[in-house]
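**Student:** can you look at this prediction? I've put the sequence above it.
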Amino acid sequence: MHREVLGFWKAGSIVAAATLLVLHPVAASPRLVSLAFNSQLGSPQQIGADEFRQKLVALPGKHIVIDQRATNAVGSENAILAATQAGAVDMAVLSGSVVSAVVPELGVFDIPFLFRDTAHAKAVAQGPAGAAIAAKFGDKGLTLLAIGRQGFRNVTNSKRPVRTPEDIKGLKIRVIPNPIYQMTFKALGAEVVPMEFPLVYTALKDGRLDGQENPVPTIAGSRLYEVQKYLTLTGHFFAPIVFIANRAMFEQLSPADQAALIAQAKAGAEATWQAKLDAASLEQVRSGGMDVIEKFDRQPFVDAVKPLDQEFEKRFGKDLLATIRSTQ
């Protein structure tokens, strides 16, 4: 595994997009720093990474030189995360629900129906709770630069419209290999199938899966409307994206370059908070033949996962959850 991780960046076969940056920890010693993400074109990850890169390019002093590379290869965010921890990749823009497997404190964002809306999630990410979570990355060999928005996640399937938890029962639903995602859909009565995203389209097409859950732009960008008939706007999870760096690499940079990376990563994250992707994505999936269920009672879904509250309090603490719920 160690050898595979170290070979990750050189192989390039599992990175959907990559940017190479040259930073100067000291003026006489240029340093090559890689930035990787894996997602569809036009996704929040790409929007955030592109803004991050462009802001770095625009900095005065020409301390940063960019060599952007892209590939059609599709691979695993988990592999990019492992490579970033190992130092084979220096920086990455990844789904928070993937990174929370390594930094469990970030998993508080995975709690179903915790966030009222996008503004609430942003206030938490940029407030004291977000700062406390950022402090936990160092022990995992990472530095958190910024938190952005992927969006609220929604259920699709090929069998029937989902309007109540009863409609989910028995459906084979793919989720991210993430314990909170798995326990949530088990509570809703689904047959849970953890699976890496690159395998999902084919599994939906050949019937190994009945459904999956993702933000609407991901559903549209991956053309899941070709293999799914029904989309229900459950908004059950809020999905952040995180801008992370290998800690050892980051700490070798000068204070000025560290500050530049953080500031421009925050600018990249802000671009994801401001992006308006859902309306066009909904139009795309409707045009592709999906039935979109918007009007239904969400409370039965909230009630169905209520028994998990005790587990969430045990994992994250009552005080933190109360702080998040009261954040305005």
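**Tutor:** Perfect, thanks for sending it. Keep in mind it's a predicted model, so treat the numbers as computed, not measured.
**Student:** any idea which helix or strand carries the nearest residue to Ala134 once chain neighbours are set aside?
**Tutor:** Among residues not flanking Ala134 along the chain, Leu144 sits closest, at 4.2 Å (CB to CB, 6 or more residues apart in numbering). Heads up, the C-betas are built off the backbone N, CA and C, glycines and all. In this assignment (DSSP states H and E), Leu144 forms part of strand 142-157.
**Student:** what lines up beside that strand in the sheet?
**Tutor:** Here strand 142-157 has these sheet partners by DSSP bridges: strand 211-215 (antiparallel), strand 230-232 (antiparallel), strand 238-246 (antiparallel).
**Student:** what does the model give the closest residue to Gly87 other than its chain neighbours for pLDDT?
**Tutor:** Counting by CB to CB, 6+ apart, Asn246 is the residue found nearest to Gly87 once chain neighbours are left out, at 4.9 Å. Asn246 carries a pLDDT value of 95.
**Student:** in three-state terms, label Leu32 for me.
**Tutor:** Secondary structure state of Leu32, per DSSP: H, G, I helix; E, B strand; the rest coil, is strand.
**Student:** give the contact list for Gly87.
**Tutor:** Taking CB atoms under 8 Å, 6 or more residues apart in numbering, we find Gly87 in contact with Gly141, Asn246, Ala248, Met249.
**Student:** state the helix or strand in which the last one lies.
**Tutor:** Element membership of Met249 [criterion: DSSP H and E] is helix 247-252.
**Student:** may I have that helix as CSV, with CA atoms only?
**Tutor:** This file holds the C-alpha atoms of helix 247-252, laid out as CSV (Å, rounded to 0.1, in the frame of the first residue of the first chain):
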residue,chain,number,x,y,z
ARG,A,247,1.2,18.9,6.9
ALA,A,248,4.9,18.3,6.4
MET,A,249,4.9,20.1,3.1
PHE,A,250,2.9,23.0,4.5
GLU,A,251,5.2,23.5,7.5
GLN,A,252,8.2,23.6,5.2
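**Student:** what packs against the very next helix or strand once past that helix?
**Tutor:** Where DSSP H and E defines the elements, the next helix or strand beyond helix 247-252 is helix 255-274. Counting by 3 or more CB pairs under 8 Å, 6 or more residues apart in numbering; DSSP states H and E, the packing neighbours recorded for helix 255-274 are strand 17-26, helix 44-57, strand 142-157, strand 238-246.
**Student:** tell me the most buried of those?
**Tutor:** strand 238-246 (a mean of 27; mean count of other CB atoms under 10 Å).
**Student:** any stretches of this structure with poor pLDDT?
**Tutor:** 1-31, 61-75 (pLDDT under 70).
**Student:** let's go with 80 and repeat that
**Tutor:** The chain contains residues with pLDDT under 80 at 1-33, 40, 57, 59-76.
**Student:** can you pull out the strands in it?
**Tutor:** Assigned by DSSP state E, the strands in the chain fall at 17-26, 29-37, 65-70, 91-95, 142-157, 172-175, 191-194, 211-215, 230-232, 238-246, 291-293.
**Student:** pipe the ones you listed into TSV and attach distance to Phe115 per row.
**Tutor:** TSV is the format used below for the strands of the chain (distance: least, CB to CB, whole Å):
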stretch	distance to Phe115
strand 17-26	28
strand 29-37	23
strand 65-70	32
strand 91-95	16
strand 142-157	8
strand 172-175	18
strand 191-194	22
strand 211-215	13
strand 230-232	18
strand 238-246	4
strand 291-293	21
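**Student:** tell me who's in contact with Thr164.
**Tutor:** Counting by CB under 8 Å, 6+ apart, Thr164 touches Phe296, Asp297, Pro300, Phe301.
**Student:** ok, and the most crowded of those?
**Tutor:** Comparing these by number of neighbours (other CB atoms under 10 Å), Phe301 comes first, having 25 neighbours.
**Student:** please verify my assumption that that one contacts Pro165.
**Tutor:** Yes: the pair Phe301 and Pro165 qualifies as a contact (CB atoms under 8 Å) at a distance of 5.7 Å.
**Student:** and for the two, which residues touch both?
**Tutor:** In contact with both Phe301 and Pro165: Leu188, using CB under 8 Å, 6+ apart.
**Student:** what's around Arg247, how many residues?
**Tutor:** 19.
**Student:** isn't it right next to Gly141, touching?
**Tutor:** Yes: using CB under 8 Å, Arg247 is in contact with Gly141, at 5.2 Å.
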